[in-house]
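Trainee: Could you look at this predicted model? Sequence included:
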Amino acid sequence: MVDLHVHSNRSDGSFTPTELLDYAIQKGLSAFALTDHDTTAGIDEAMTYASQKAREASVSSDSKEPMPTVEVIPGIEFSTEYMSKDIHIVGLFIDHHAPVFQSQIQAFVDSRILRNEKMCQNLQNAGIDITYEKLLAAFPDAVITRAHYARYLLDYGYVKSMPEAFDRYIGDHTPYFVPREKVTPAQAVRLVLDSGGFPVLAHPTLYHMSDDRLEKLVSELKEAGLMGMECIYSTYTPAEIRQMTALAKKYALLPSGGSDFHGNNKPKLDLGCGYGKLCVPDEIMWNIKTALGIR
């Protein structure tokens, strides 16, 4: 079993990349993709630790029960905009060290920084003691997202829950929210392709589009080079799995799947099994590898 949509504390998850690897071993996964939002900062840590675990397993190969190992798939999740909707593109098996790729990632980071500075100023005007520097100090090594704002507001007593933080202060329709400049889904698809990766349309049902509008999006992204679609996801009903699988087949897209695990930031949603019924077979990963020519 694999999980091809996972987040660490380098974006808005709560587990470190190393902790994710240990937890994946505990959960019996054969692989997981680290797909943090607009950053690849945790991939090297996870892959280095996975290599260490593999060496340990090799040394213990003489035992009757060799140590399990887990493959770490380098990935990313891009937040894009399409017809005023937030659309996510997951990239799997990317070359995260490619200079052109990292240059574009830095542009995304710079855009987030500018947005965060403006949002902090808005919240200060509302009487909240917050600065971008304080957020960075509270969440070191993370790409600051609205989940971090919510946690900060909760920890410092401005709200009683993280949902309240979104409702009152950082949701799209609050007076303090500042949108950031986003790329289009087609641009994100091409960026993943340019990095040698496999672009996937993430959790299509969450966009609450009509069937015709969703198919229009899928058709346009297929033209841009989209290769896969999340047909297995934590919140899908059996009917939605069938619907997404049929749509993917219609456009010759390979199915992908993942939990969208965020650790404690998404309570009750677990790695590998989502809310309890998620199952992404190894065959899904092998088919993607075959499409990319990876052995």
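Mentor: Sure, I can see it. Treat the numbers as computed from the prediction; the structure is a model and nothing was measured.

Trainee: ok, longest helix in this structure?
Mentor: Determined from DSSP state H, the single longest helix within the chain is helix 99-125.

Trainee: Counting by contacts, list what the helix or strand following it packs against.
Mentor: Once the chain leaves helix 99-125, the next helix or strand it forms, by DSSP states H and E, is helix 132-138. Here helix 132-138 touches helix 99-125, helix 146-155, going by 3 or more CB pairs under 8 Å, 6 or more residues apart in numbering; DSSP states H and E. In this view, the C-beta of every residue, glycine as well, is placed from N, C-alpha and C.

Trainee: For this protein, just list every one of the strands.
Mentor: Secondary structure of the chain, counting by DSSP state E: strands at 2-6, 31-34, 71-82, 85-92, 198-201, 228-233, 254-258.

Trainee: Could you save these as TSV and add columns showing mean neighbour count and mean pLDDT?
Mentor: Formatted as TSV, these follow (neighbours: other CB atoms under 10 Å; pLDDT from 0 to 100):
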stretch	mean neighbour count	mean pLDDT
strand 2-6	29	98
strand 31-34	27	98
strand 71-82	22	95
strand 85-92	22	95
strand 198-201	30	98
strand 228-233	24	98
strand 254-258	25	98
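
Trainee: Distance to residue 52 added to those, as JSON lines?
Mentor: Shown next, in JSON lines, are the strands of the chain (distance: least, CB to CB, whole Å):
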{"stretch": "strand 2-6", "distance to residue 52": "19"}
{"stretch": "strand 31-34", "distance to residue 52": "16"}
{"stretch": "strand 71-82", "distance to residue 52": "11"}
{"stretch": "strand 85-92", "distance to residue 52": "23"}
{"stretch": "strand 198-201", "distance to residue 52": "26"}
{"stretch": "strand 228-233", "distance to residue 52": "30"}
{"stretch": "strand 254-258", "distance to residue 52": "24"}
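
Trainee: Now for residue 19, how many residues are close by?
Mentor: 16 (other CB atoms under 10 Å).

Trainee: Against residue 195, how distant is it?
Mentor: In this view, residue 19 and residue 195 are 26 Å apart by CB to CB, to the nearest Å.

Trainee: So which of the strands of the chain is nearest residue 56?
Mentor: Among the strands of the chain, the nearest to residue 56 by CB to CB is strand 71-82 (15.1 Å).

Trainee: That closest one packs against which elements?
Mentor: Checking 3+ CB pairs under 8 Å, 6+ apart, strand 71-82 ends up next to strand 2-6, strand 31-34, helix 43-59, strand 85-92, helix 185-194.

Trainee: Out of these, which is closest to residue 210?
Mentor: In terms of CB to CB, the element of the helices and strands packed on strand 71-82 nearest to residue 210 is strand 85-92, at 11.9 Å.

Trainee: other SSEs contacting the closest one?
Mentor: Identification of packing neighbours for strand 85-92 by 3+ CB pairs under 8 Å, 6+ apart yields strand 2-6, strand 71-82, helix 185-194, strand 198-201, strand 254-258.

Trainee: Could you list the low-pLDDT ranges of the stretch 1-150 of the chain?
Mentor: Residue ranges of the stretch 1-150 of the chain with pLDDT under 70: 60-67.

Trainee: just the stretch 151-295 of the chain next, same as before
Mentor: Within the stretch 151-295 of the chain, no stretch falls below the threshold (pLDDT under 70).

Trainee: for it, what spans make up the helices?
Mentor: Shown for the stretch 151-295 of the chain, the helices assigned by DSSP state H, counting those that start in this stretch span residues 162-165, 185-194, 211-224, 238-250, 282-292.

Trainee: Now render those as a markdown table, adding mean neighbour count and distance to residue 271.
Mentor: Formatted as a markdown table, these follow (neighbours: other CB atoms under 10 Å; distance: least, CB to CB, whole Å):
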| stretch | mean neighbour count | distance to residue 271 |
| --- | --- | --- |
| helix 162-165 | 16 | 20 |
| helix 185-194 | 21 | 23 |
| helix 211-224 | 16 | 28 |
| helix 238-250 | 15 | 19 |
| helix 282-292 | 16 | 15 |
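
Trainee: Relative to residue 6, which of the helices and strands packed on helix 132-138 is closest?
Mentor: Nearest of the helices and strands packed on helix 132-138 (CB to CB): helix 146-155, 15.1 Å.

Trainee: so which of the helices of the stretch 151-295 of the chain gets nearest residue 33?
Mentor: Evaluated over the helices of the stretch 151-295 of the chain, closeness to residue 33 peaks at helix 282-292, with 8.6 Å, by CB to CB.
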